[in-house]
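> Fold the following, please.
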Amino acid sequence: MATVTVNGGQPVHFVDYGGDGPPVVLLHSFLMDIDMWEPQVEAFGAEYRLIAIDERGQGGTPADADFDYWDVARDVVGVMDHLGVERAAVVGTSQGGFIGLRMALLAPERVTSLAVLGTSAEPEAEGTAAVYRQLIGAWLQTGPEPLVDGVATFCLGDYEASSWKAKWRGVTGEQFQRIMTTLISRDSVLERVGEITAPVLVLHGSADSEYPIARAESLVAALPNAEPLVTIVNGAHFLSLSHAAEINPHLKEFLAAHAAGK
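Predicted structure coming up:
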């Protein structure tokens, strides 16, 4: 693990697993960190140079000021620059997908291919945003303890999440407010994803508690070079972790075909 300063002074914590295969950048979900990708490191880490990044305000990467996902996309490109990685495949779940889509728009020459799971190109629905604002208030007022069980069920379904709940108990109200505000206030990129010419794989869980399958269908329809939508039956919102056994074969097939680029 290492930390590098990029993008005008932003420290970013990451782990470069090394290897001689094509580089693949891994971008985690909201409230998560690089440990989310342990199933993928185990499944195909020997075949690729996996680079997992802690996004602003999560894991070992601080967020000392307000930011948006375009900023985080620039952070990731900065880490690639630091590592001398000219081009990479990008895999992102939920929030990681927000960032991956913006990377492909911001620096298309750096992204050979993109796989997104349980994500959306659209802004947060106002009703959901209102619920999240209430969650911010509760986290600020009571702390995380009364809330972590519900967050785990919402994001991970029946997955055994005790280790993640332990991490969430250390998230301060200020930290939670900052990262959640970024999520709530994100802009839409659905109108722009037609500019993304790299191959894209979209995977979505049928039991996703955050985004209906229609979000994934809209994204696939708007992308000019999308693979057919992969629906994981009973898949939860953070399905790259909760349903790793089901999604890993799809990721392996997609990366084998597209990670190295043309």
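> mind checking how far the nearest residue to Val111 once chain neighbours are set aside is from Asn234?
Excluding the flanking residues, the one nearest Val111 by Cβ to Cβ, 6 or more residues apart in numbering is Ala104, at 4.6 Å. Bear in mind the C-beta positions are built from the backbone N, C-alpha and C, glycine included. To Asn234, Ala104 is 29 Å away according to Cβ to Cβ, to the nearest Å.
> now swap in Glu174 and tell me
36 Å.
> Just want to know which of the two has more residues nearby.
More neighbours sit around Asn234 than around the other of Glu174 and Asn234, counting by other Cβ atoms under 10 Å; the figures are 14 against 11.
> Which element, helix or strand, includes Lys165?
Using DSSP states H and E, Lys165 falls within helix 162-168.
> After that helix, heading C-terminal, what element do we hit next?
Next along from helix 162-168, by DSSP H and E: helix 173-184.
> Go ahead and name everything in contact with that next one.
The contact list for helix 173-184 (Cβ atoms under 8 Å, 6 or more residues apart in numbering) reads 30-31, 56-58, 63, 66-69, 95, 98, 124, 129, 132-133, 135-136, 139-141, 143-144.
> just stretch 57-69 next, same as before
For stretch 57-69, the external contacting residues (Cβ under 8 Å, 6+ apart) are 1, 3, 10-13, 28, 30-35, 53-56, 75, 95, 98-99, 102, 175, 178-179, 181-182, 185-187.
> For these, which ChimeraX command selects only the ones that are buried?
Selection command for ChimeraX covering only the buried members of the contacts of stretch 57-69, criterion 16 or more other Cβ atoms under 10 Å:
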select :10,11,12,13,28,30,31,32,33,34,35,53,54,55,56,75,95,98,99,102,175,178,179,181,182,186
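> Which ones among the contacts of stretch 57-69 lie within strands?
Among the contacts of stretch 57-69, the members falling in strands are 3, 10-13, 53 (criterion: DSSP state E).
> Sketch out the helices for the protein, chain order is fine.
38-44, 69-83, 95-106, 126-142, 148-156, 162-168, 173-184, 213-222, 239-242, 244-258 (DSSP state H).
> Of all those helices, which one is nearest Val202?
Between Val202 and these, the shortest separation by Cβ to Cβ is 5.1 Å, and it involves helix 213-222.
> If you count neighbours, what's buried in that closest one?
Residues of helix 213-222 classed as buried by neighbour count (16+ other Cβ under 10 Å): 215-216, 218-220, 222.
> now swap in stretch 220-237 and tell me
Taking 16+ other Cβ under 10 Å as the neighbour-count basis, stretch 220-237 is seen to contain the buried residues 220, 222-223, 226-227, 230, 232, 235-237.
> And stretch 15-26, by the same measure?
Neighbour count says stretch 15-26 has 15-17, 21-26 buried, by 16+ other Cβ under 10 Å.
> Quick check: the two most widely separated of the buried residues of stretch 220-237?
Spatially, the most separated pair among the buried residues of stretch 220-237 is Ala222 and Ala236, at 24.4 Å (Cβ to Cβ).
> still on that earlier bit, same list (the helices of the chain) but as TSV, adding mean pLDDT and distance to Ile196.
Shown next, in TSV, are the helices of the chain (pLDDT from 0 to 100; distance: least, Cβ to Cβ, whole Å):
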stretch	mean pLDDT	distance to Ile196
helix 38-44	96	22
helix 69-83	98	13
helix 95-106	98	5
helix 126-142	96	25
helix 148-156	96	26
helix 162-168	97	31
helix 173-184	97	21
helix 213-222	98	9
helix 239-242	97	20
helix 244-258	98	13
